[in-house]
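# Fold the following and give me the result.
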Amino acid sequence: MHSQGWNKKQNQSWVSEFILLGFSSDPTTNSILFIVFLLIYLSSVMGNGLIIMLVCLDIHLHTPMYFFLCILAMLDTGCVTTTMPQMLVHLVAHSQSISFAGCWLQMYVFGGLVTTECTLFVVMAYDRYVAICYPLHYTVILNWGLCIRLTAGSLVCGFLSSLLHTFFTMSLPYCGPNRINHYFCEGPAVRNLACMDTHLIEMVDLVLSVFMSLIPISLIVTSYIHIAKAILKINSTQARCKVFSTCTSHLTVVSFFYGPASYIYMRPNSSYSPERDKQISLFYNAFTALLNPVVYSLRNKDIKRAFLKAMGHGRMD
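Numbers count the residues shown, from 1 in each chain. Model prediction:
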């Protein structure tokens, strides 16, 4: 429908709510999915909550590295809580509707949290760069004032970028249909329902996505090139492996996060595939939030030690 047609029918065609179709319309399948996703959600919240608690309680974890890990756990908890509780309700409820304002808010908050994570991963890479390349000056360079400013800057960049993305998407005319083939209000899925040409909006969105995705990836790669050079200068193979092991958790999480997220937001609507996109979005939404605590706890002796102290197998200092 052209914009003139939209103007003529504006009063009677404005969509006041959307219907989220989710993964299936079969009640039995939805019941199974409810149990699976409930377990994923509870495990994600508990795992990330445990990391937050351990970092707060154990004085040995009061370092920039674990401060940023704590922030990451908070962001992951926020991401899954923004989308999964509503999805769980829709799996068992008769109504799968979400108001236009609710869709706007969900898209904005989720986008802000995800984009903040993109920036935070760069900060975490910089933390590893300073720790490995300038170990004697680590606490001087990454002082608490800088850590707080870097975190605040990540939040501002994330939510400002999300505000622009959400504004451009939700300001499009939606005059029906209103059925979103997704489990939450994600930008590309919602934009696909707009009753006008979205090419210009897609280009703006692509620029934002490049800025908030490719630039962070480039900075992370640059950091690890310098880290690799520093590691190669270490004579002892055992020491070299020990130093590199402090980076593997971050690299693993970054790989699982950036791949799916970049695919969803950095391609045109013409290649939109609802079923495939729903599955891919689960990776950087639910599965990444579930994976992060596992990766950081299994590969980190400090986290394990702090957990044992919290369980009463040691004394908290």
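
# From here on, just use CA atoms for contacts and neighbour counts.
Fine.

# And the strands in the stretch 1-150 of the chain, which stretches?
17-20, 97-99 (DSSP state E, counting those that start in this stretch).

# out of those, which comes closest to Ile280?
With Cα to Cα, the closest approach to Ile280 among the strands of the stretch 1-150 of the chain belongs to strand 17-20: 16.8 Å.

# Tell me which of the strands of the stretch 1-150 of the chain is the most buried.
strand 17-20 (a mean of 20; mean count of other Cα atoms under 10 Å).

# So what are the sheet partners of that strand and their directions?
strand 97-99 (antiparallel), strand 179-180 (parallel) (DSSP bridges).

# Would you mind giving the ones you listed as JSON lines with mean pLDDT added?
Below are those laid out as JSON lines (pLDDT from 0 to 100):
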{"stretch": "strand 97-99", "mean pLDDT": "91"}
{"stretch": "strand 179-180", "mean pLDDT": "88"}
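
# will you turn those into JSON lines that also has distance to Leu251?
Converted to JSON lines, those look like this (distance: least, Cα to Cα, whole Å):
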{"stretch": "strand 97-99", "distance to Leu251": "36"}
{"stretch": "strand 179-180", "distance to Leu251": "34"}
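
# list the contacts for Val123?
The neighbours of Val123, taking Cα atoms under 8 Å, 6 or more residues apart in numbering as the test, are 68, 150.

# Could you measure from it over to Phe110?
With the distance defined as Cα to Cα, to the nearest Å, Val123 ends up 20 Å from Phe110.

# what about stretch 49-69, distance to the chain center?
20 Å (Cα atoms, centre = their mean, to the nearest Å).

# now what about it, what contacts it?
So stretch 49-69 is in contact with 70, 73-74, 77, 120, 123-124, 127-128, 142-144, 147, 151, 293, 302-303, 306-307, 310, 316-317, going by Cα under 8 Å, 6+ apart.

# Just the buried residues from the residues you listed, in ChimeraX please.
Command for ChimeraX, covering only those of those found buried under the criterion 16 or more other Cα atoms under 10 Å:
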select :70,73,74,77,120,123,124,127,128,142,147,151,293,302,303,306,307,310
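
# Now, the contacts of stretch 49-69 that are in helices?
In helices, judged by DSSP state H, the following of those are found: 70, 73-74, 77, 120, 123-124, 127-128, 144, 147, 151, 293, 302-303, 306-307, 310.

# Which residue is the nearest non-sequential neighbour of Asp205?
Leaving aside its chain neighbours, Asp205 sits nearest to His165 (6.2 Å; criterion: Cα to Cα, 6 or more residues apart in numbering).

# for the one you found, helix, strand, or coil?
helix (DSSP: H, G, I helix; E, B strand; the rest coil).

# Go ahead and name everything in contact with stretch 97-109.
Stretch 97-109 is contacted by residues 15-20, 82-83, 159, 162-163, 165-166, 170, 184-187 when judged by Cα under 8 Å, 6+ apart.

# Mind doing that once more with 10 Å?
Where contact means Cα atoms under 10 Å, 6 or more residues apart in numbering, the residues beyond stretch 97-109 that reach it are 14-21, 78-79, 82-83, 86, 90, 111-112, 115, 158-167, 169-171, 178-180, 184-187, 190.

# which of the residues in it are buried?
For stretch 97-109, the neighbour count (16+ other Cα under 10 Å) marks 97-98, 100, 103-109 as buried.

# And stretch 14-28, by the same measure?
15, 17-23.

# Can you redo the strands of the stretch 1-150 of the chain as JSON lines, where the extra columns are distance to Ile132?
Shown next, in JSON lines, are the strands of the stretch 1-150 of the chain (distance: least, Cα to Cα, whole Å):
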{"stretch": "strand 17-20", "distance to Ile132": "47"}
{"stretch": "strand 97-99", "distance to Ile132": "48"}
